[in-house]
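Asker: here you go, sequence then predicted model.
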Amino acid sequence: MSDLTLVLLSAGSSSRFDTSVKKQWLRIQHKPLWQFVADRFAHSGLFSEIIVVSSEEDIAFMQNYADYSFVKGGSSRQDSLQNALLHVKSEYVLVSDIARACISEDLLQRILAQKEEADCIVPFLPVTDTIVYENTTIDRDKVKKIQTPQLSRTKILQKALQTSTEFTDESSAIVAYGGTRTFVAGDEDACKITFTHDLNRLPCLEAPSSDILSGNGFDVHAFDEKRKMFLGGVEIDADYGFKAHSDGDVALHALIDALLGAAGMGDIGMLFPDNDSTYKGIDSKELLQTVVTKIYSYGFEIVNADITIAAQKPRIANYKDAMRKTIAKILKIDKARVNVKATTTEKLGFIGRSEGVGVIANANLKYFNWKIIG
Ligand SMILES: C[C@@](CO)(OP(=O)(O)O)[C@H](O)COP(=O)(O)OP(=O)(O)OC[C@H]1O[C@@H](n2ccc(N)nc2=O)[C@H](O)[C@@H]1O
């Protein structure tokens, strides 16, 4: 059993990353970046455990992709690391950042080879530019550009982080605590992804898959004479509405489930429980907007949507265009890629008896293609 745990920090907000997609959710073929990096480390066979640190919301989605250990991050990199260290049982811990996506086996072996030499093993790059500190040119041969991953004795690192001082790397905390560090040659490819143009500099990153991801949704609601009718995001001129916890827009609910299905994000009831007072009477356009924002932030783009409303009543022919415009605006696609169909059931079944409406929706997604922006 290896005496080494990997802590992979992925709780960053990507604040300097200039797209709506959080960098840890950029796709490498089909894999989100965080999983691509974790799998590369796992493939080395060096670790007894891999702990991925991220936000609570992201962890809920990450668990769809892989069975690593997940720990909720804190408000800073150091807080996140401390949270993870509470779960580390091994004598040594390697701490790496998702943003350094292309860590080579050679670099790992160089770091591990020095494991017994100090409390912290640190990769670095020499400086080749002239360095001016404040207004004094300093000897660049005495300057090191520090990288991660860094290998630490777990107990020393845990003690070194019991401080109010914020450190940007483990070795600085360990040296401040009185521990020792030794340096090994780093790797130009172990550079951080800070801006989108950094992505195309990294040779290990393949473009996202161009596959189309398809999802479907189905929902039914009974009529309710005491309510207003909202369908497809528009108010329908009828003296009845739908029995529901929200505004009952059964077409938008089916569309939401189609989008969630294509993204592998579960279903509407998991996101917006119908016993949660937050959603009582809520405008379903708000639910759709929340799902669309989440889908774009997790590295997807919406290709098209198709909705079939099965209803003996109301007639919706005159509302279709308004529905398509409303939905297209929220989905951030042009109206031509949103289709709304309607059909009766020839008076058969609960729909034919005008007891309610059923809707089937389909949606297609593709991955945000960072290759074309870098
Ligand atoms: C939109 C909302 C807003 O609160 O309520 P309504 O306005 O429709 O009432 C809900 O999100 C509307 O959720 P929806 O999923 O349609 O409700 P239900 O059919 O009751 O399912 C609720 C939850 O139970 C789960 N479920 C449902 C049926 C089933 N046999 N087993 C299940 O485990 C589903 O996964 C879903 O997450």
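Answerer: Sure thing, it's come through.

Asker: quick one: is the helix or strand where F61 lies near the ligand?
Answerer: In this structure, F61 is located in helix 56-62 according to DSSP states H and E. No: using CB under 6 Å from any ligand atom, helix 56-62 stays clear of the ligand, with a minimum separation of 13.7 Å. All C-beta atoms are positioned from the backbone trio N, CA, C, and that covers glycine.

Asker: and that helix, how far out from the chain middle?
Answerer: 7 Å (CA atoms, centre = their mean, to the nearest Å).

Asker: residues contacting that helix, please?
Answerer: 10-11, 22, 24-25, 32, 34-35, 52, 54, 68, 70, 72, 265, 298 (CB atoms under 8 Å, 6 or more residues apart in numbering).

Asker: per-domain residue ranges of this structure.
Answerer: 4-201, 213-372 (automatic domain parsing).

Asker: I'd like the distance between the residue of the stretch 51-200 of the chain found nearest the ligand and G261.
Answerer: Relative to the ligand, the nearest point of the stretch 51-200 of the chain is A60 (13.7 Å; CB to the nearest ligand atom). A60 is 16 Å from G261, where distance means CB to CB, to the nearest Å.

Asker: out of these two, which sits in the busier spot?
Answerer: G261 (21 against 14; other CB atoms under 10 Å).

Asker: surely that one meets L255?
Answerer: No: using CB atoms under 8 Å, G261 makes no contact with L255, being 10.5 Å away.

Asker: all strands for the stretch 201-350 of the chain, in order.
Answerer: Remark: strands assigned in the stretch 201-350 of the chain by DSSP state E, counting those that start in this stretch are 213-224, 229-231, 234-236, 241-242, 300-310, 338-343.

Asker: want to try TSV for the ones you listed, with distance to the ligand and mean pLDDT as columns?
Answerer: Shown next, in TSV, are these (distance: least, CB to the nearest ligand atom, whole Å; pLDDT from 0 to 100):
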stretch	distance to the ligand	mean pLDDT
strand 213-224	6	98
strand 229-231	11	98
strand 234-236	16	98
strand 241-242	8	98
strand 300-310	15	98
strand 338-343	19	98
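
Asker: quick one, which of these is packed in tightest?
Answerer: strand 229-231 (a mean of 23; mean count of other CB atoms under 10 Å).

Asker: adjacent strands (with direction) for that strand?
Answerer: strand 234-236 (antiparallel) (DSSP bridges).

Asker: picking that back up, can you flag the weakest of the domains of the chain by average pLDDT?
Answerer: For these, mean pLDDT drops lowest on domain 4-201, to a mean of 94.

Asker: centre of the chain versus it, how much separation?
Answerer: With CA atoms, centre = their mean, you get 19 Å for domain 4-201.

Asker: end-to-end on that domain?
Answerer: Using CA to CA, to the nearest Å, one end of domain 4-201 lies 30 Å from the other.

Asker: residues in contact with N364?
Answerer: I212, L213, S214, G215, A262, I302, V303, N304, A305.

Asker: how close does the first one get to the ligand?
Answerer: Just to be clear, that refers to I212. For I212, the distance to the ligand (CB to the nearest ligand atom, to the nearest Å) stands at 25 Å.

Asker: what's the nearest residue to that residue if we skip its chain neighbours?
Answerer: N364 (5.1 Å; CB to CB, 6 or more residues apart in numbering).
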